[in-house]
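**Student:** model the following, please.
(one chain, ligands or ions: 1)
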Amino acid sequence: MTEPTYLHASRVAYDTVAVDYAKLVPPLFEGDLYGRAMLSVFADLVRDSDLGPVADIGCGPGHVTAHLHSLGVRAFGIDLSPKMVAVARRTHLDLQFEEGSMTGLDLADGALGGIVAWYSTVHTPPEQLPVVFAEFHRVLAPGGHLLIGFKAGDKHRHLEHAYGHDLSLDVYWLPPDTVEELVSRTGLVVDARLIREPTESEKPRQGRQAYLLARKPAESSADPDSSPR
Ligand SMILES: C[S@@+](CC[C@H](N)C(=O)[O-])C[C@H]1O[C@@H](n2cnc3c(N)ncnc32)[C@H](O)[C@@H]1O
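**Tutor:** This next block holds a predicted model:
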């Protein structure tokens, strides 16, 4: 099957910037206190579950995967860009990273105890997000958790330069209500969301950032008719 143009463009763009992205972005993550707080909540939810490992999907250079690992989470990374996967592998020798796309994951139904998608859905055209969220729902085990970090807003930009390189990359800002609606439509239940203002160093280029935590409902083994009350 022919790959959609946007996927090819995202892979080429991140292959181009992988080495410089790995120098520039992980230090910014260190300062994202609110995002890290949501990752801590996520870690508390999945750490002791026996539902399966956590996939950091669109992991880039792997710093969020490593952060989850430092929080005691059994995490591995998946990314569309082979160059990003190569950077992640040589930076975090003890962790596992694989090539793959969130539009069609090479994972069995219910294989994961959790998914983190940290600023990695932002290159997917909004009309394709239902495909991605359905895929997240498919690979999560009942009782598993999803955490998405994304740019809040309502705009689309086509970048021709980023991280010191010429490239061609689309970025989408979406209203948190829209993302919540699309996630909920798959059957996932949204448990929490956090929207933060840009920090002083992020202004004026960045706007609000959003973090959404959702869960695939556990399968109920109880027969409601057999309840004693
Ligand atoms: C903005 S970077 C975020 C990287 C990392 N999560 C972070 O927070 O720094 C977006 C990443 O998502 C990856 N990506 C984009 N589309 C993807 C897809 N369909 N499947 C998997 N990864 C994807 C890109 O290759 C890139 O590494």
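**Student:** in the longest helix seen in the chain, which residues are buried?
**Tutor:** In the chain, taking DSSP state H as the definition, the longest helix is helix 5-30. Residues of helix 5-30 classed as buried by neighbour count (16 or more other Cβ atoms under 10 Å): 7, 9-11, 13-19, 21-22, 25-26, 29. Where you see a C-beta, it was placed from the backbone N, CA and C, and this is true even at glycine.
**Student:** out of these, which are close to the ligand?
**Tutor:** Residues of these in contact with the ligand (Cβ under 6 Å from any ligand atom): 7, 10, 14, 25.
**Student:** nearest spatial neighbour of the third one, chain-adjacent residues omitted?
**Tutor:** When you say that, I think you mean residue 14. Take residue 14 and drop its neighbours on the chain: the residue closest to it by Cβ to Cβ, 6 or more residues apart in numbering is residue 81, 3.6 Å away.
**Student:** for residue 155, see how far away the one you found is.
**Tutor:** 24 Å (Cβ to Cβ, to the nearest Å).
**Student:** now residue 183
**Tutor:** 20 Å.
**Student:** and the two? Which one has more around it.
**Tutor:** residue 183 (24 against 10; other Cβ atoms under 10 Å).
**Student:** element containing the more buried one?
**Tutor:** Secondary-structure assignment from DSSP states H and E places residue 183 in helix 176-185.
**Student:** list the buried residues for that helix?
**Tutor:** 176, 179-180, 182-183.
**Student:** quick check, central residue of this protein?
**Tutor:** Taking Cα atoms, centre = their mean, the centroid of the chain lies closest to residue 117, which sits 0.4 Å from it.
**Student:** may I have the phi/psi pair for it?
**Tutor:** Backbone torsions for residue 117, taken as degrees, to the nearest 10, come to phi -120, psi 90.
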